[in-house]
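Q: Below is the sequence, then the predicted model.
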Amino acid sequence: MADLEKLRQRKGAVRRSEVPASVVTAIHRGELETVNLVEFLVVDHVKLFQGVRSTLALDDTSAKQIQAKIKKLASEGVTQRLVQTGAAFHEALAESDHRETVYQQMATHTSDIVRNWAAYMDTADAKLTFPKRLQRARKFAIDPNMGVREIAWMAVRVPAADKIVSDIEKLYPFARNKNHLARRFAIELSRPCGVWCKHIVPLKERPEIAEELLTLCREDSSKYVQDSVANWLNDASKSRPEYVQDLCDRWLSETDSPHTRRIAHRALRTLRKKA
């Protein structure tokens with residue numbers, strides 16, 4: 001235990017070759033989460049599954065089915081491996097009485113990658129309504145691990161991008177949440193040009209759809225949220241420059257908040273370069 005506590009205080013390696021063997025072993029046992037992208041990329045998902053298998057209420061048939069699918073994903077990109085592994089869990093446990101038990105075990109697991117698998121189990125569940133997806137994603141949205149927080153919004157956006165447009169008011173409670181991570185989740189989820197996922201064309205064409213959501217966070221004291229709002233608007237400035245300029249001008253005329261000034265300055269960076 002003492003060794004694990006010491007490892008948890010580590011700084012992530014800069015190169016894959018520099019990740020200590022003890023760290024890799026503990027990650028594959030599910031005893032440690034990764035602390036940066038370099039560590040994330042050295043993980044063998046088959047070994048990780050084998051390492052955490054005993055901590056999950058899986059029957060042998062389901063476990064074999066999931067492991068076989070993970071082996072086939074070795075040549076896929078990182079995101080696709082996570083997406084398809086989550087889908088493998090969903091498919092193997094779709095009719096199982098233990099599905100929710102396994103899901104909860106994964107969603108609260110020490111391993112950040114196992115928590116990612118849980119998030120993508122929900123992505124694969126076509127029966128989930130948009131409000132239910134948001135409810136189940138909240139724990140991932142406020143996860144201490146940055147990688148899990150990124151997966152949180154992607155896991156909802158992939159199957160429900162249309163609902164982000166038609167039911168955007170469902171994100172308002174997140175934008176009003178006391179937890180800045182929940183507020184940031186609402187903004188990242190709705191970005192017109194989301195990173196690592198398909199763009200939401202209606203929001204690129206009509207960013208005013210999200211104006212009330214963005215306004216809820218225009219004076220946010222958290223730089224993490226400020227950056228998200230600014231990035232949202234910077235995205236929109238590439239397709240609707242006049243709208244973004246006008247919105248920032250209006251915000252600045254309505255409040256003298258330094259937080260709003262910072263957001264507006266960062267939101268207009270692409271337009272300044274073009275000018």
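A: On my side now, so go ahead. The structure displayed is predicted, hence computed values, not measured ones.
Q: Report all helices and strands that the strand or helix carrying Tyr103 contacts.
A: In this assignment (DSSP states H and E), Tyr103 forms part of helix 99-107. For helix 99-107, the packing partners by 3 or more Cβ pairs under 8 Å, 6 or more residues apart in numbering; DSSP states H and E come out as helix 78-93, helix 112-124. The way it works is simple: take the backbone N, C-alpha and C, and place the C-beta from them, glycine included.
Q: Glu219 is nearest to which of these?
A: Closest to Glu219 of these, according to Cβ to Cβ: helix 112-124, at 30.0 Å.
Q: Out of the helices and strands packed on helix 99-107, which is the most enclosed?
A: Mean neighbour count, computed with mean count of other Cβ atoms under 10 Å, is highest for helix 112-124 among those, reaching a mean of 25.
Q: Show the subsequent helix or strand relative to it.
A: Counting by DSSP H and E, what follows helix 112-124 is helix 130-141.
Q: What residues sit buried inside the helix holding Tyr103?
A: Arg99, Val102, Tyr103, Gln105, Met106, Ala107 (16 or more other Cβ atoms under 10 Å).
Q: Closest to Leu58 out of these?
A: Val102 (6.2 Å).
Q: Quick check: that closest one touching Ala94?
A: No. Here Val102 does not reach Ala94: they are 11.6 Å apart, not a contact under Cβ atoms under 8 Å.
Q: where does the top helix by length along the chain sit relative to the chain's centre, distance-wise?
A: Counting by DSSP state H, the longest helix found in the chain is helix 146-166. Chain-centre distance of helix 146-166: 7 Å, with Cα atoms, centre = their mean, to the nearest Å.
Q: Can you tell me what sits against it?
A: Around helix 146-166, the neighbours that count as contacts under Cβ atoms under 8 Å, 6 or more residues apart in numbering are 34, 37, 40, 79, 82-83, 86, 112, 115-116, 119-120, 122-123, 126, 128, 130, 133-134, 137, 140-143, 170-171, 181, 184-185, 188-190, 194, 196-198, 200, 202-203, 209.
Q: Buried among those? Make that a ChimeraX selection.
A: Filtering the contacts of helix 146-166 down to the buried ones (16+ other Cβ under 10 Å) takes a single ChimeraX command:
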select :34,40,79,82,83,86,112,115,116,119,120,122,123,128,130,133,134,137,140,141,142,143,170,171,181,184,185,188,189,190,194,200,202,203,209
